[in-house]
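>>> What would the 3D arrangement of this be:
(2 chains)
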Amino acid sequence: MKKIFSFAINLFVVSAFCFSIYAQSPDRTKPPQLPPPSQLKLPAVQQFQLSNGLKVVLMEKHDVPLIQLNVVVKMGSVNDPENKVGLSNLTMDMLDEGAAGKSSLELADEIDFLGARITTNSSAHISGINLHTPLSKFDDALKIMSDIVLRPDFPQKELERKKKERLTSLMQMHDQPTAIASAAFNQLLFGKEHPYGRMTNENTIKGFAVDDLKNFYKKYFAANNAVVIAVGAIKKDDLKKKLESAFGKWQKGIVKETTVREAAQVSKRIIYLIDKPGAAQSVISIGRIGAARLTSDYNSIVVMNTLLGGSFTSRLNQNLREKHGYTYGASSRFAFRPVPGSFSASSSVQTEVTDKALIEFFNELNGIRESIPDEELNRAKNLVALSYPGNFQTVAEIAGQLEEFIQYNLPEKYFAGYVEKMLGVTGSDVNVAAKKYIVPDQIIIVVVGDKSKIEEGIKQLNLGEIINLSIEDTLGKVPKMEN
Amino acid sequence: MRRVFFLLSVLCTVLSAQNQIKIPYTRYVLPNGLNVILHEDHSTPTVSVNTWYHVGSGYEKPGRTGFAHLFEHLMFEGSKHVAEGDFDKLLEAAGGNNNGSTTTDRTNYFEDVPTNALELALYLDSDRMGFLLEAMSPEKVDGQRNVVKNERRQSYENRPYGLAWETLSKNLYPAGHPYSWSVIGSMEDLNAASYEDVVEFFKTYYVPNNASLVIAGDINPQETLKMVEKWFGEIPKGRPVPLLNPVSVKLYEEKIVVLEDKVQLPRLYMAWITPPRFTPGDAEMDLLANILSGGKNSRLYKKLVYELQIAQDVNVMQNSSKIASQFMIIATARSGRSLEELKKVIQEEIEKIKKEAPTQRELQRAVNQFEASFLDGLESPGGFTGKANTLNEYFYYTGNPDYANEDLARYKALSPEDIQTAAQTYLPNDGRVILSIVPKGKIDLAINSKAEGK
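Here you go, the predicted structure:
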């Protein structure tokens, strides 16, 4: 309170610096004319190799003294052996649980003391160890990072702890309607055996042994199967010297290229109803197989999805949220992957209007296949293209952009040409993409909600066969934990 | 019409000398009382326009909880010269994005736009500051009421443990205290909100003299100031605005509260009322929270999650606000464990830190993490956590937009004994709320109530 008053006094003290201008009420009848947009000028993408052949990609950024360093390994859940689903994720998670003879707690203490962060992550095709650190602590942090990447110990004791943690997380998933819907959607769309559809279970988690992790690590952690991405306040020569001492000894290996079979497209319309008694909302996910990242339709799909459900003014959100008030938000997305991932449209809607919401979903899925008014098309294109510079503000964001650039081997001029490419998408491109990828007759519908309140309404819609499932059908039984 | 600017301060140094964290700015006050704060950052061709209205749920009247947040939604539904839906459409067509949020203390809005669309953002933002009511209707209020009720369902009722915060607020503060109800409000009060309430709220709080406008990014300050004057200058000043009632509160009992929920595992919440944001004791509790649950070596994480493995997670936070803060310890029990077991360990750790100061290394580790997070805060101008919002946040809470260095200095100045003293002072065993959320039908896993719970 005091602070506010003392500030008010300051106001008068400094008011000696004052000047004046004259102004009239502005014309508000139309929005102001905007000058043409400025170009995003990115620093060069610099690529080089260490003496062992390890590839490094650097973008210098000197305005804030920070460094982001991501070691990306080409390996992910698609590499999990058949009966060991979750192994890639667990292996990554265990990297910082003991390395080069240092314990889990010692490593954490050293990193935290620097004010740095080292995190591990894994997705379907790539995994990573990410360092985010003040420039002043980079040398010390890089040493720890090097131990974690190259010399993990996988201690038995820590593995047992992680397994309990995972069993508990699996148990907690039973509470979370959106997590249930998402797991069910992927299983039902891709199939429980497909790398994009399968999920881990109690027995698999209980069965993981230290040797599983060590062998998996050995198989994929090789200098020729990884890339280092660096963004921040550091020059190439300086970085190269430092990385040489951190990762220069990393051995090459023989790593087979991973191939993932394409999942079969949905051939009819099916509704899967998963009962969650007492739920205040129904979680809806509707979708089918989408497209691969490198499809020539990529730009058209991005623009099409932006206007279907990828932005606030998109048709799905405007309809379900703004027009009808059924939900806090509705959206759609394409999960782009090396082979086609999913297209999904989803929302959490008030239980009582579940059937009505489904009608509106299908109105929009059908409507997007009609021709698109110019105003709407231009808005979507502009949003995608002109908001692009916003993806390059932080070192972590830029590193993320570079990861995609590397993973898909995008052309050197990709970033520079992005805006023009997106602005070049035409109405007919969008229409072709909509007709090709949004096929409302061949689509699955997953609803997690209170069956007793919503089943009858859904039946009346005659959308297709309704298959009733339990949460356990998706997640398995609630894991048993011995203490 | 005559417009007068008060030029308050010009700091043109982009300095990041050792241990100095600065967000250089210039500040002006328009004759209508609007504070304007400008910051240049040319690293990407983007600008963030960030507006704070100095009103949040704490200012609401009894029977109208959730109103400040419902009002936030209405701010996107069009104004006299901007048709319903056009606010978002025009911004998206220019490549911009926007959002708003409400807390107990304030409501904020941002538009992150490409440099060339700055004037569009100012046009839209000024039109809703000056001319919102001309376009308001009972139907719009109804529409957003439904959206907000679904937000409540999604974020509170259909989310595991989702009713915890509301229950804690109700029990920590006496009835009628500005923080005693939740920001989202009750379904009942949301139903009661009327068009007339909207008019009154707007006229009272959404006036230029109760707002601050930060523009950060790829700007020319002189031209930007002219644009601000053009679009905001004509909006009339409002009446003096009522301040948040700064009632001081203290809890003189240990309240034991139990909720049942559709969850697999029980969760324990322990909550205390602690000193307001930026007042003595606040930084101490922030650091204590880190010492207790920040990282694997923190005391509670190490004990409960790492060593004993009787908890799945533990989080401790000093949730700092304008007239009071809340210190919370939240821990989820592993399967087969009761909350009494967790509480016993937590209580032992609290007693330990009251008896003996943390080590110098523990403290330094926490301070170093805070210091590094300040650097992260300098990276992007926009969004809910970028520099534009930070300038507004410091301005609202301290009167000084560039308070980052002073803020960090608060943490660096503390000794281990300061943390110990703070724990002794602010974590009394007989002045706190203990909430158990347990699976339906498993009351036996909750903390036993020795006295009658309220």
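
>>> going forward, measure contacts and count neighbours with C-alpha atoms only.
Noted.

>>> First-to-last residue distance for stretch B:90-98?
Separation of the first and last residues of stretch B:90-98 by CA to CA, to the nearest Å is 11 Å.

>>> any residue of it up close to chain A?
Yes. Judged by CA under 8 Å from any CA of the partner chain, stretch B:90-98 and chain A are in contact via B:E92, B:A93, B:A94, B:G95, B:G96, B:N97.

>>> B:T115 is in contact with the fifth one, correct?
It refers to B:G96. No. Taking CA atoms under 8 Å as the definition, B:G96 is not a contact partner of B:T115, at 9.8 Å.

>>> what about stretch B:350-370, start to end distance?
By CA to CA, the extent of stretch B:350-370 from end to end equals 22 Å.

>>> What of stretch B:29-38?
12 Å.

>>> Run a quick neighbour tally on B:Q222.
Neighbour count of B:Q222, defined by other CA atoms under 10 Å in any protein chain shown: 9.

>>> Tell me the confidence at it?
At B:Q222, the model reports a pLDDT of 96.

>>> how close does it sit to chain A?
13 Å (CA to the nearest CA, to the nearest Å).

>>> ok, that residue to A:A108 distance?
48 Å.

>>> now do A:K218
Using CA to CA, A:K218 is found at 24 Å from A:A108.

>>> between those two, who's got more neighbours?
Using other CA under 10 Å, the more surrounded residue of A:K218 and A:A108 is A:A108, with 20 against 11.

>>> Pull the contacting residues for B:Y411.
B:Y411 makes contact with B:A283, B:E284, B:L287, B:V367, according to CA atoms under 8 Å, 6 or more residues apart in numbering or on different chains.

>>> what do you get if the cut-off is 10 Å, keeping everything else the same?
Neighbouring residues of B:Y411 by CA atoms under 10 Å, 6 or more residues apart in numbering or on different chains: B:D282, B:A283, B:E284, B:D286, B:L287, B:L363, B:Q364, B:A366, B:V367, B:N368, B:F370, B:E371.

>>> Next, format those residues as JSON lines and append secondary structure.
Below are the contacts of B:Y411 laid out as JSON lines (DSSP: H, G, I helix; E, B strand; the rest coil):
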{"residue": "B:D282", "secondary structure": "helix"}
{"residue": "B:A283", "secondary structure": "helix"}
{"residue": "B:E284", "secondary structure": "helix"}
{"residue": "B:D286", "secondary structure": "helix"}
{"residue": "B:L287", "secondary structure": "helix"}
{"residue": "B:L363", "secondary structure": "helix"}
{"residue": "B:Q364", "secondary structure": "helix"}
{"residue": "B:A366", "secondary structure": "helix"}
{"residue": "B:V367", "secondary structure": "helix"}
{"residue": "B:N368", "secondary structure": "helix"}
{"residue": "B:F370", "secondary structure": "helix"}
{"residue": "B:E371", "secondary structure": "helix"}
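
>>> Return the member of those nearest to chain A.
For the contacts of B:Y411, the minimum distance to chain A (CA to the nearest CA) is 5.0 Å, reached by B:N368.

>>> I'd like the distance between that closest one and B:T421.
Distance from B:N368 to B:T421, by CA to CA: 21 Å.

>>> Walking through the stretch 101-250 of chain A, point out its strands one by one.
In the stretch 101-250 of chain A, the strands defined using DSSP state E, counting those that start in this stretch lie at A:102-103, A:117-122, A:127-134, A:226-232.
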